[in-house]
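Q: Sequence below, structure please.
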Amino acid sequence: CCISSLMAEGQVFNVDTIRYNGNPNNRINLLIMGDGYTTGEMATFRSDARLVANYFFSVPPFSKYQNFFNVYGIEVVSNESGTDHPETASDCNIGSVPITAVDNYLSTTFDYGGTHRCIYSSQGSLVYSVANDNVPLYDYINVIVNTSYYGGCAGGIAYTSMNSSSPEVFVHEFGHMFGNLSDEYDYGSSSCSAGSSQNINCTQVTDPNTIVWKNWLTTAPLPTPSGTNCSLIGAYEGAKYCSSNWYRAKCNCKMRSLNQPFCEVCYEQLIYKVSTMVNYIQSYTPSNLSTLSLCKNSSMDFTADVLNSSDNTVRSQWLVDNVLVQNNGSNF
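A: Below is the predicted model:
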C-alpha cells in the first residue's frame, strides 16, 4: 500500500494554465506535457509550451477559434535531460544525432517503429495516467521533448521535439488527432493499388458525383494534372503515402507539406470538429424553459450567451412559432 501511494503521488506535477477561455466542460482542453526536462529546466519547459501554444493559435482556423480552447502545461520532471536515440532506425544519418540513453520520465525515444525522426513512447498508458491525475478533463495531449533535433510522431498522443520546426509539426499532427485528416504526401508505401476508398481529405475516387469533397469542386478537370489549377479544388494524384491511385484536394496543404495553409477541405473539417465538441450557446435566460408561463399581453426578456469566433462567423436567429423574427443579437 505504501508503494502504491508513493507511485500515485509521483504522477502529480505542477500544472501551468497557459490559456483559459472558459468552463473546461465547454472548451477543447489541450494538454502540453514535457519529457526530458529536469527540475532545473522547468522554466525552459514553460517557455517551450507557450511557444507551441502561441504558434498553434497563429494558424487558421485555430487562430479564429482561440476562445474555444483551454491550454494547460504539465511540468513532468525527468531525472535526466533529453531523450533516447538508440540509432536503430534504418534511415538514421549516422552522427547527425548523438547516440544517447536518457532517464526521462515518459520514456520517449527517436527511432520509434524503425523511423529515425519518429519520437514516440511505448509508455502511452503512463502519459494518459499523468493526464488523468493532473487535468482529467483533457481532450488532446502534446508531449514536447527536450531536444533540438528534428522529430515527431502522433497516434492518440502527439510527440514533438523542440526543433525550430516543431510547432509546425504539432499543428500537422493535430490535424490527424483532432480532424481525423490523412497524410497527403506520396512516399512511404508500396501498396498503392486502385480502389474506391475515401477519407476526408484523400480519395481513390475521381467521379465528381461521388468524390467526398464534391461540393467544393469548380472547373478543375478530374483527375487534375499535376501543377495545374493549383488555386482550385480538384483531385491531384499523390496522397496517402502513394504516388498513384490516391488523390488529394489541392496541389498543396499542411497535411502534405509543412509551412503550408490547410486547404479548404481540411479547414472545413477542423471547424466542423470544433462545432461537435463545444456548445455554441454557453448559457441562456430564463433557464426554466420547460416550465415557463407567460400571460397574454405581457413580455419577458430572453437572452443567449453565444460563443463566437474572432471574426463573428457564428450567427444566431430568433424565431417565434417557427417564424424568423430577429437575426443575430444576444436578446429578444
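Q: which non-adjacent residue is nearest Ser122?
A: Of all residues not flanking Ser122 in the chain, Ser107 sits nearest, at 6.3 Å (Cβ to Cβ, 6 or more residues apart in numbering). Yep, even glycine has a C-beta here, placed from its N, CA and C like the rest.
Q: quick one: least confident helix or strand in the chain?
A: Lowest on mean pLDDT, DSSP states H and E among the helices and strands of the chain sits helix 2-10, with a mean of 39.
Q: Going along the chain, name the helices of the protein.
A: Per DSSP state H, the chain has helices spanning 2-10, 42-56, 124-134, 166-179, 264-277. These are given in chain order.
Q: Turn those helices into TSV, including distance to Ile74 and mean neighbour count.
A: Listed next are the helices of the chain as TSV, based on distance: least, Cβ to Cβ, whole Å; neighbours: other Cβ atoms under 10 Å:
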stretch	distance to Ile74	mean neighbour count
helix 2-10	13	9
helix 42-56	9	18
helix 124-134	5	17
helix 166-179	16	22
helix 264-277	21	17
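Q: out of those, which comes closest to Cys192?
A: helix 166-179 (20.0 Å; Cβ to Cβ).
Q: who does the closest one touch, helix- and strand-wise?
A: Applying 3 or more Cβ pairs under 8 Å, 6 or more residues apart in numbering; DSSP states H and E, one finds that helix 166-179 contacts helix 42-56, strand 140-145, strand 152-154, strand 158-161, helix 264-277.
Q: looking at it, Val145 is touching Phe45, isn't it?
A: No. In this structure Val145 lies outside contact range of Phe45 using Cβ atoms under 8 Å: 10.6 Å.
Q: which stretch in the helices and strands packed on helix 166-179 is the model least sure about?
A: When the helices and strands packed on helix 166-179 are ranked by mean pLDDT, strand 152-154 comes last with a mean of 92.
Q: give the contact list for the residue nearest to Ser122.
A: Residues counted as contacts of Ser107 (Cβ atoms under 8 Å, 6 or more residues apart in numbering) are Asp35, Asp84, Ser121, Ser122, Gln123, Leu126.
Q: now Thr109
A: Counted by Cβ under 8 Å, 6+ apart, Thr109 has contacts Thr83, Asp84, His85, Pro86, Ile119, Tyr120, Ser121.
Q: how about those residues in JSON lines, adding pLDDT?
A: Shown next, in JSON lines, are these (pLDDT from 0 to 100):
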{"residue": "Thr83", "pLDDT": "97"}
{"residue": "Asp84", "pLDDT": "93"}
{"residue": "His85", "pLDDT": "93"}
{"residue": "Pro86", "pLDDT": "90"}
{"residue": "Ile119", "pLDDT": "95"}
{"residue": "Tyr120", "pLDDT": "95"}
{"residue": "Ser121", "pLDDT": "96"}
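Q: What about the residues you listed, which one has the most neighbours?
A: Neighbour count (other Cβ atoms under 10 Å) singles out Ile119 as the most crowded of the contacts of Thr109, with 30 neighbours.
Q: Verify the contact between that residue and Thr83 for me.
A: Yes. Checked against Cβ under 8 Å, the pair Ile119 and Thr83 is within contact range at 6.5 Å.
Q: Quickly list what's touching both of the two.
A: Thr108, Thr109, Phe110, Val145, Thr147, Ser161.
Q: Point out where this structure drops to low pLDDT.
A: 1-10 (pLDDT under 70).
Q: How about Val130: what's its closest non-neighbour residue?
A: Using Cβ to Cβ, 6+ apart and skipping the chain neighbours, the partner closest in space to Val130 is Gln11 (5.3 Å).
Q: residues near that neighbour, how many?
A: 16.
Q: quick one: contacts of stretch 304-319?
A: Contacts for stretch 304-319 (Cβ under 8 Å, 6+ apart): 22, 26, 63-68, 278-284, 302, 324-332.
Q: ok, the residue nearest to Ser122 to Val143 distance?
A: Distance check for Ser107 against Val143: by Cβ to Cβ, to the nearest Å, it reads 11 Å.
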